[in-house]
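In: Coordinates for the following, if possible.
(one chain, ligands or ions: 1)
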Amino acid sequence: MTEQVTRAMFDDVMAPNYAPAAMIPVRGEGSRVWDQEGKEYIDFAGGIAVTALGHSHPTLVDTMREQAGKLWHLSNVMTNEPALRLAKKLTDKTFADRVFFANSGGEANEAAFKLARRYAFDHFGPEKNEIISFYQSFHGRTLFTVSVGGQPKYTEGFAPVPGGIKHCDYNDIDALKGLISDKTCAVVMEPIQGEGGIIPADPEFAQQVRAMCDEHKALLVFDEVQSGVGRTGTLYAYEQTGVTPDILTTAKALGNGFPVAAMLATAEVANSLAVGTHGSTYGGNPMAAAVAEAVIDIVDTPEVLDGVKKRHQLFVDELTAINDKYHVFKDIRGMGLLMGAEVSDELAGHAKDFLTHAADEGLFVLVAGPNVVRFAPSLIIPEADIKEGFQRFERAVAKTVADLKK
Ligand SMILES: Cc1ncc(COP(=O)(O)O)c(C=O)c1O
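Out: Numbering: from 1, shown residues only. So this is what the prediction gives:
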């Protein structure tokens, strides 16, 4: 007999590094999710910017079923057809010539940072090893990626951490000028900071970063783990900055929830990842690659990408209308369907309250730090779900405001 599964079990059997919600979701379809009690939620979160095509997308379910019946795993001692097809698509559609597959954003970034160091080592010697990244950035949870990330809370208690890393204010080119040198091997940035509060890079800043990387022969690494795969209205956000990176990492929406990630690079740079320098047992697994190929086929169409721009406007309009009534946000910003609403000074530190009340009302939203409510719904969320979701969100806002007055 199978045991009755309850949320209470979490505290008995799981490591305490997460604090999941009280309910347990059991089923999803499109942008709707149901929990064990049958309560229905509208999903404006998409995991954390992952399920770009919603839940149980029929083409993805069919693709997974078909591949599951053919071949699950081989190891990288052999290559496989889905991985090669996916790599061909990614290189055809981007600046990149070469792909390394991984299983998570953190792993793709780990590969990117190792490659940047290795490329500099091969071409300029061991002294050129410094990585510059930006405060508030987030690049993953491995020791190297938390160290490159710009949020000290994630390295606390894990010393000694890898060295040769400097942090710089985002969107501040003078600060970068003061840090970059011929010892810099790479500058790493998110074209729009996600976890750090939904902060887009000024295009002019991104262009100056590119120019300074060129001047100092440093590589430019774009972490598009959160912003990639159509989320900002183009397949990758770099297309909108007027800047081409040397290395780009992508994960999250790439598998719509099936674990898969990729590091994309120019051939010249990727050559430094010679045989034996790096690897992953599961990276480029046929199941993951088959799903990701189907995701790219669906997302990279005018229908979906134009739809993101249209839905962006709906989100802006709905959030603005709610804000006109309740005055709870001091800024509404973002790109495509990666949106943030920064709470007003009176509500500083209370973004999470919106999330909690929204869940009570049957809506999933996210936060990005203590002051920003974040929205990262499916790229194909129906308009009716957006409307209904915002009716629920308005009730959550009203409750948050009422709480504050207590
Ligand atoms: C920009 C960015 N990079 C890297 C990561 C880490 O990805 P993963 O959790 O798949 O390792 C995240 C996750 O939130 C992210 O937003």
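
In: Name the nearest residue to the residue sitting nearest the centre point of the chain, sequence neighbours excluded.
Out: Closest residue to the average C-alpha location of the chain: Q226 at 1.7 Å, with CA atoms, centre = their mean. Spatial nearest neighbour of Q226, excluding adjacent residues (CB to CB, 6 or more residues apart in numbering): G194 at 3.8 Å. Quick note: C-beta positions are derived from backbone N, CA and C, even for glycine.

In: That neighbour: how many residues sit nearby?
Out: Using other CB atoms under 10 Å, G194 has 27 neighbouring residues.

In: Same check on the one 3 residues further on?
Out: Using other CB under 10 Å, the number of residues around G197 comes to 20.

In: Now do the contacts for the residue nearest to the centre of the chain.
Out: Counting by CB atoms under 8 Å, 6 or more residues apart in numbering, Q226 makes contact with 48-49, 105, 190, 192, 194-195, 252, 338, 376.

In: The same query, at a cut-off of 10 Å, please.
Out: Going by CB atoms under 10 Å, 6 or more residues apart in numbering, Q226 touches 48-50, 105, 138, 190-195, 198, 232, 237, 250-253, 338, 368, 374, 376.

In: From D300, how far out is it?
Out: For Q226, the distance to D300 equals 18 Å [CB to CB, to the nearest Å].

In: what does Y18 give?
Out: 33 Å.

In: And Q207, by the same measure?
Out: Taken as CB to CB, the span from Q207 to D300 is 25 Å.

In: what do you get for R141?
Out: From R141 across to D300, the span is 29 Å (CB to CB).

In: what about the two, which has more around it?
Out: Counted by other CB under 10 Å, R141 and D300 do not tie: D300 has more neighbours, with 16 against 13.

In: Quick check: chain neighbours aside, which residue is closest to that one?
Out: L235 (5.1 Å).

In: Tell me, what's the model's pLDDT at the residue in the chain positioned nearest to the ligand?
Out: In the chain, the residue that lies nearest the ligand is G105 (2.4 Å; CB to the nearest ligand atom). G105 carries a pLDDT value of 98.

In: Run through the residues of the stretch 1-150 of the chain sitting next to the ligand.
Out: Within the stretch 1-150 of the chain, the positions lying close to the ligand (CB under 6 Å from any ligand atom) are 48, 104-106, 109, 138-140.

In: I meant to write the stretch 151-300 of the chain there.
Out: 190, 194-195, 223, 225-226, 251.

In: circling back to that earlier point, three-state assignment of the residue nearest to the centre of the chain?
Out: Per DSSP: H, G, I helix; E, B strand; the rest coil, the secondary structure class of Q226 is coil.

In: Look up how far Q240 lies from it.
Out: 15 Å.

In: what about the helices in the stretch 101-250 of the chain?
Out: Shown for the stretch 101-250 of the chain, the helices assigned by DSSP state H, counting those that start in this stretch span residues 105-124, 143-148, 173-179, 203-215, 238-241.

In: any chance of those helices in CSV, with mean neighbour count too?
Out: Formatted as CSV, the helices of the stretch 101-250 of the chain follow (neighbours: other CB atoms under 10 Å):
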stretch, mean neighbour count
helix 105-124, 23
helix 143-148, 22
helix 173-179, 15
helix 203-215, 17
helix 238-241, 21
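
In: so which of the ones you listed gets nearest F354?
Out: F354 lies closest to helix 105-124 among the helices of the stretch 101-250 of the chain, at 25.2 Å (CB to CB).

In: Which strands or helices does whichever helix or strand A341 is part of pack on?
Out: Element membership of A341 [criterion: DSSP states H and E] is strand 338-343. On a contact count with 3 or more CB pairs under 10 Å, 6 or more residues apart in numbering; DSSP states H and E, strand 338-343 meets strand 192-193, strand 199-200, helix 302-326, strand 329-335, helix 351-361, strand 366-367, strand 372-375, helix 383-405.

In: Is it possible to get TSV of the ones you listed that adds mean pLDDT, distance to G149 and mean neighbour count?
Out: Output for the helices and strands packed on strand 338-343, formatted as TSV (pLDDT from 0 to 100; distance: least, CB to CB, whole Å; neighbours: other CB atoms under 10 Å):
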stretch	mean pLDDT	distance to G149	mean neighbour count
strand 192-193	98	11	25
strand 199-200	98	14	22
helix 302-326	98	27	15
strand 329-335	98	20	19
helix 351-361	98	20	20
strand 366-367	98	17	22
strand 372-375	98	17	27
helix 383-405	96	29	17
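
In: which one of the ones you listed lies closest to N76?
Out: Smallest distance to N76 across those (CB to CB): 31.4 Å, for helix 302-326.

In: From the contact counts, what lies against the closest one?
Out: For helix 302-326, the packing partners by 3+ CB pairs under 10 Å, 6+ apart come out as helix 286-299, strand 329-335, strand 338-343, strand 372-375, helix 383-405.

In: residues of the first one that come out buried?
Out: Applying a neighbour-count criterion of 16 or more other CB atoms under 10 Å, one finds 286-296, 298-299 buried in helix 286-299.

In: can I get these in TSV with pLDDT?
Out: Putting the buried residues of helix 286-299 into TSV (pLDDT from 0 to 100) gives the following:
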residue	pLDDT
P286	98
M287	98
A288	98
A289	98
A290	98
V291	98
A292	98
E293	98
A294	98
V295	98
I296	98
I298	98
V299	98
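
In: I'd like to know how far the nearest residue to K177 once chain neighbours are set aside sits from T155.
Out: Sequence neighbours aside, M212 is the residue nearest to K177 in space, at 7.0 Å (criterion: CB to CB, 6+ apart). According to CB to CB, M212 and T155 sit 26 Å apart.

In: same question, G194
Out: Relative to T155, G194 is positioned 19 Å away (CB to CB).

In: again, but for L179
Out: 19 Å.

In: ok, now L220?
Out: According to CB to CB, L220 stands 24 Å off from T155.

In: These two - which one has more neighbours?
Out: Per other CB under 10 Å, whichever of L220 and T155 has more neighbours is L220, with 23 against 16.

In: List the contacts of that one.
Out: Neighbours of L220 in contact, by CB under 10 Å, 6+ apart: 116, 186-189, 206, 209-214, 238, 243-248.

In: Swap in 8 Å and give it another go.
Out: 186-187, 189, 209-210, 213, 243, 245-247.
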